[in-house]
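J.: what follows is a predicted protein model with its sequence.
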Amino acid sequence: MERLRGQIAIVGIGVTQQGRKLGVTGLELRRQALELALADAGVDRSAIDGYIHASTEREDLRYLGLSPHFSWAVQSGGATAPCSFAMAAGAILTGQAEMIACGYGAAPSTPVESGGVGTYGAYGYGYPMRVGMVGAASAHALHARWHMDHYGTTSRHLGAVAVQLRDHASKRPDAVTYGEPITIEQHQASPMIVDPFRLLDCCRDTDGGSCFLLTSAERARSMPGVRPLYLLGMGFGHNIRNWHERDLYRYHDDIAPAAARAFAQAGVGLSDIDTAQFYDPFTISVLMQLEHYGFCKPGQGGPFVEEGGIAVDGVIPVNTGGGQLSGFYAQGFTPIIEAARQLRGEAGATQVSGARLALTSGHGLNGGIQNTWSHGTLILGNEA
């Protein structure tokens, strides 16, 4: 498929309350998000004939009140959201369903006794766990250290990302850090987690749900009162390729093939993008994606951010809701939620004027060894 543009539309969006220890189960959060998406699209449950949710477990369709042709669980870590959109697009274009709900809902910060899953434990990323390499922070720290060693990137460069995204979030009531800006001095004084990451270089788990209803662009045009957004292009890459080539840490992900395919399908160029919403588990993730997508030169991500490059009025506004570092964590749905708000003109104090095209990324899971992340790129627009 060379051109995806003009074929798939998002017609319903539902986002629940996002926060820490909400005391609501993931299943109930998914139900709430579904209700909101149905109301947004002006349709009832009978319209949903396909369901995809971010999980490794089966879904309780009875609780959701759905009777779709299929219910698929998909899990690729922080790349799950773009993966679910790709699956939905394929199912619609091949006639398997007419309207598909892509849902997410989890309660990692809510104690088990309150209906949550409890705080996620440490993760291993392949066999290095046997020698003590445990957790996402230790894995991503290797990317950061490579960047520092080769380009002279500093902790203050990482801190510039944290400060800018917190500035965005501090202006947004939907962010968990609303009204709580930080300074570079606060970043530098925050505790070291794993060298070179300080506490304020790291995102944190939050509870919440989201749901997107996807259908054909043709059907979207016949739905009264709907403000459709369009899936214009998508692409995927996997960093296992760079592991095989023994050049793993130079790349945050294998972004090049993902970006090339997404832009070709959308029929647009980098200069056409009005805002970028990156998956940001750590500050280094923003710097390296800025470079690998081409918004700035390799090694220049730190100075680019320090000079205001990702501010709302900057060269490319990035993670304008605070991202996962300061907004909320929805396992890869966070970037798509903010992209949708920008394209609908609903981003409040951090609205990008005239936003028409948004780039989003997802990143996660691994290919059997640390840092072999899967990567997904979506390009969304408010015109087909």
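T.: Great, that's in hand.
J.: and the gap between residue 107 and residue 325?
T.: Distance, residue 107 to residue 325, by CB to CB, to the nearest Å: 20 Å. No exception for glycine: its C-beta is placed from N, CA and C like everyone else's.
J.: likewise residue 8?
T.: For residue 8, the distance to residue 325 - CB to CB - is 30 Å.
J.: ok, residue 178 next?
T.: Relative to residue 325, residue 178 is positioned 14 Å away (criterion: CB to CB).
J.: ok, residue 90 next?
T.: To residue 325, residue 90 is 32 Å away according to CB to CB.
J.: likewise residue 299?
T.: Taken as CB to CB, the spacing of residue 299 relative to residue 325 amounts to 22 Å.
J.: higher neighbour count, those two?
T.: Under the neighbour definition other CB atoms under 10 Å, residue 299 and residue 325 were set side by side, and residue 325 has more, 27 against 15.
J.: check for me that that one belongs to a helix.
T.: Yes: when DSSP: H, G, I helix; E, B strand; the rest coil is applied, residue 325 is found to be in a helix.
J.: wait, what's in contact with it?
T.: 161-162, 165-166, 202-203, 280, 282-283, 319 (CB atoms under 8 Å, 6 or more residues apart in numbering).
J.: burial of the residue nearest to residue 217 when sequence neighbours are not counted, as a residue count?
T.: Distances taken as CB to CB, 6 or more residues apart in numbering put residue 9 closest to residue 217, at 4.6 Å, once the chain neighbours are dropped. In terms of burial, residue 9 registers 22 neighbours under the definition other CB under 10 Å.
J.: so residue 9 sits in a strand?
T.: Yes: the assignment for residue 9 by three-state DSSP puts it in a strand.
J.: isn't it right up against residue 231?
T.: Yes: with contact defined as CB atoms under 8 Å, residue 9 counts as touching residue 231 (7.3 Å).
J.: shared neighbours, those two?
T.: Between them, residue 9 and residue 231 share these contacting residues under CB under 8 Å, 6+ apart: residue 214.
J.: can you map out the helices along the stretch 51-200 of the chain?
T.: For the stretch 51-200 of the chain, the helices defined by DSSP state H, counting those that start in this stretch occupy 61-64, 80-93, 136-151, 155-170, 184-189.
J.: closest one to residue 367 among those?
T.: Nearest of the helices of the stretch 51-200 of the chain to residue 367, taken as CB to CB: helix 136-151 at 12.8 Å.
J.: give me the contacts around that closest one.
T.: Surrounding helix 136-151, the residues in contact under the criterion CB under 8 Å, 6+ apart are 123, 125, 133, 153-154, 158, 193-197, 202, 249-250, 252, 281-285, 287-288, 298-302, 370-371.
J.: how about it: buried residues?
T.: Judged by neighbour count using 16 or more other CB atoms under 10 Å, the buried positions of helix 136-151 are 136-148, 151.
J.: just how off-centre is it within its chain?
T.: Averaging C-alpha positions (CA atoms, centre = their mean, to the nearest Å) puts helix 136-151 21 Å from its chain's average.
J.: what mean pLDDT does it get?
T.: Looking at helix 136-151 alone, the average pLDDT works out to 95.
J.: CA-only coordinates of it in PDB, if you can.
T.: In PDB, the C-alpha atoms belonging to helix 136-151 read as follows (Å, rounded to 0.1, in the frame of the first residue of the first chain):
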ATOM      1  CA  ALA A 136      13.800   0.200  31.500                       C
ATOM      2  CA  ALA A 137      16.000   2.900  33.100                       C
ATOM      3  CA  SER A 138      19.200   0.800  32.900                       C
ATOM      4  CA  ALA A 139      18.500  -0.100  29.300                       C
ATOM      5  CA  HIS A 140      17.800   3.400  28.100                       C
ATOM      6  CA  ALA A 141      20.700   4.800  30.100                       C
ATOM      7  CA  LEU A 142      23.000   3.000  27.600                       C
ATOM      8  CA  HIS A 143      21.600   5.100  24.800                       C
ATOM      9  CA  ALA A 144      22.100   8.200  26.900                       C
ATOM     10  CA  ARG A 145      25.700   7.300  27.800                       C
ATOM     11  CA  TRP A 146      26.500   6.600  24.100                       C
ATOM     12  CA  HIS A 147      25.100  10.000  23.100                       C
ATOM     13  CA  MET A 148      27.100  11.700  25.800                       C
ATOM     14  CA  ASP A 149      30.300  10.000  24.900                       C
ATOM     15  CA  HIS A 150      30.000  10.600  21.200                       C
ATOM     16  CA  TYR A 151      28.400  14.100  21.000                       C
END
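J.: before we move on, back to that, from the contacts of helix 136-151, list the buried ones, please.
T.: Here the buried ones among those, as counted with 16+ other CB under 10 Å, turn out to be 125, 133, 153, 158, 193-194, 196-197, 202, 249, 252, 281-285, 287-288, 300-302, 370-371.
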